[in-house]
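Q: Got a predicted structure plus its sequence, pasted below:
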Amino acid sequence: MVPQKTTKTIDACAPLNLGYLASYVLKFHPEIEIEIIDDYWQNIFNRICALSPDIVGVTATTPQVPSAYLLLKKIRLNNPSILTVMGGIHASVMSNEALEYADVVVVGEGEKAFLKIVEDLYIRNIKNQGIIEGETVENLDELPSPAFNLIDMKRYFQLLSFCGKKSPAIGITSSRGCPFRCKFCYNSFRKTKVRYFSANRIVNEIEYFKNEYGISNVVFTDDDFLTNKERLLNLLSEFEKRKMLGWVKWACQARVQVINENILLLAKAAGCVRISSGFENRNQRILSYLKNNTTTLQQQDKAIQIAKKVGVTMGGSIILGTPSETLQEMKNTIKWFEETPDVAFLGINNITPYPGTPIWQLCQKNGLLPKDIDYEKLVSDNPRNAYVINRTVDVTAYFRFFDDAIRLNWMYGQIRTNLGLKYFLSLSKLKTWWYILVFHPVKFAKMFRFTIIKGETIK
């Protein structure tokens, strides 16, 4: 189950990690009753009391952890006979901490570990305690598809927009792991190699959603979907074989150094319409630090031009507030986006020191975080609700700059992905439109001109 978030954000992707745990157990023990509870929609504790289960498994990202710990406390207090199990990325990093709240903590991948916990309880009459290392699944196709029937999938189709439009889509993760160890990313502490679901498996799941729900828009949530060229070729072949080309459209994430014309032509032929890259920064000094000297500004520029040539929409994300980053360097990154219309959209993030990452270790070493950390403040969307670990820039000035950048970024994204003067003028009902008109009149004029040149002309 997924604990309730106390932050205002809601994950757009369905809890397929829980779906995998459920389907893997049911593969060997179909007689066992399993229920997946997503507390965005339900009161999880009341539901547990009503069910009175033998085992409760909880997963949580770092910002969700306070809610997860509170839930586990209540379960132990009111239903001490229930075996409580905690997994997920935070528990894998902070396993001893998590063990204070749960009977069992699973570190790493959960399918085989959770199956053992279930079998120990029901078959061997053993009630596990302590930390269990999850065994890595080498061949991902061994895993049955997530138990979609145990998740209210329709809710998530509406939450996950497709290419900036309100068009239902399904999120699919088609691999596990990442070969890179970026300083801000949870993958930096993982030791497992990258593994991939086969093209056949991916297409089977897409067909399922098409037949069951009429959904043909897919967002691949892999860290880098385009690295495996052989699988991309197989994906195109599977789509051709099943006569799916034309009605399946998909978006993905890809590192700029992986992008070349050949790869993008293959991707476009297979239905790719949009790519998101982690640009992270437009100052080589900060970029090299964040990405361990694996990416250059020139590679970013080249990838953008290739995407434009091939005809695939490209955007990405950036990170602001890295320790030692100056305000001028932050302004350079925002200015680059403003002056690069071929980047259709941009997500702006405040750097977040997630536990286990090199950024976290840097903060611990230099006292950039308080001793009693509020995990709910480890979020990236708004520094006013988060920890600011940059000591180079005045915090108040950083807040003002970030707020301003968010407003400008939103407007640029709107006019680049929803072309047309009529649409631009329709935004006048929003405060952001007037904010930019008043405080950035020159930029507003350029936006106005962009909509006329690229979109509809005044008649």
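A: Great, that's in hand. Residues are numbered from 1 along each chain as shown.
Q: Wasn't S276 part of a strand?
A: Yes. Assessed with DSSP: H, G, I helix; E, B strand; the rest coil, S276 lies in a strand.
Q: where's it relative to L236, distance?
A: The span separating S276 from L236 equals 21 Å under the rule C-beta to C-beta, to the nearest Å. (Glycine included, C-beta is placed from N, CA and C.)
Q: Does anything pack onto the host helix or strand of I348? Which helices or strands?
A: Assignment of secondary structure by DSSP states H and E places I348 within strand 346-350. Contact analysis of strand 346-350 by 3 or more C-beta pairs under 8 Å, 6 or more residues apart in numbering; DSSP states H and E lists strand 313-320, helix 395-417 as its packing neighbours.
Q: In three-state terms, how would D224 be classified?
A: Bear in mind the rule, three-state DSSP; under it D224 is coil.
Q: list the contacts for it?
A: Shown here is D224, whose contacts under the criterion C-beta atoms under 8 Å, 6 or more residues apart in numbering are 178, 180, 253-255, 258.
Q: Most neighbours among the residues you listed, which one is it?
A: Neighbour counts for the contacts of D224 were taken using other C-beta atoms under 10 Å; the highest belongs to A254, with 26 neighbours.
Q: Near the closest residue to E133 other than its chain neighbours, how many residues? Count them for me, please.
A: In space, not counting the residues next to it along the chain, E133 is nearest to V107; the distance is 5.4 Å by C-beta to C-beta, 6 or more residues apart in numbering. Other residues lying near V107 total 16 when counted by other C-beta under 10 Å.
Q: could you measure V107 against T357, distance?
A: Between V107 and T357 the distance is 16 Å, computed by C-beta to C-beta.
Q: Now do the buried residues in the helix or strand where R231 lies.
A: When elements are defined using DSSP H and E, R231 is found to belong to helix 229-241. Counting neighbours by 16 or more other C-beta atoms under 10 Å, one finds that the buried residues in helix 229-241 are 231-232, 234-236, 238-239.
Q: so can I have TSV of the residues you listed showing distance to T432?
A: Compiled in TSV, the buried residues of helix 229-241 are given as follows (distance: C-beta to C-beta, whole Å):
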residue	distance to T432
R231	41
L232	38
N234	44
L235	39
L236	40
E238	43
F239	39
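Q: Those residues into a markdown table, with extra columns for distance to N418 and pLDDT?
A: As requested, those are arranged in a markdown table below (distance: C-beta to C-beta, whole Å; pLDDT from 0 to 100):
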| residue | distance to N418 | pLDDT |
| --- | --- | --- |
| R231 | 33 | 96 |
| L232 | 29 | 96 |
| N234 | 34 | 97 |
| L235 | 29 | 96 |
| L236 | 29 | 96 |
| E238 | 32 | 96 |
| F239 | 28 | 95 |
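Q: Closest one of those residues to I263?
A: Taking C-beta to C-beta as the measure, I263 sits nearest to L232 out of those, at 7.1 Å.
Q: contacting residues for the residue nearest to E133?
A: Residues counted as contacts of V107 (C-beta under 8 Å, 6+ apart) are 91-92, 95, 131-134.
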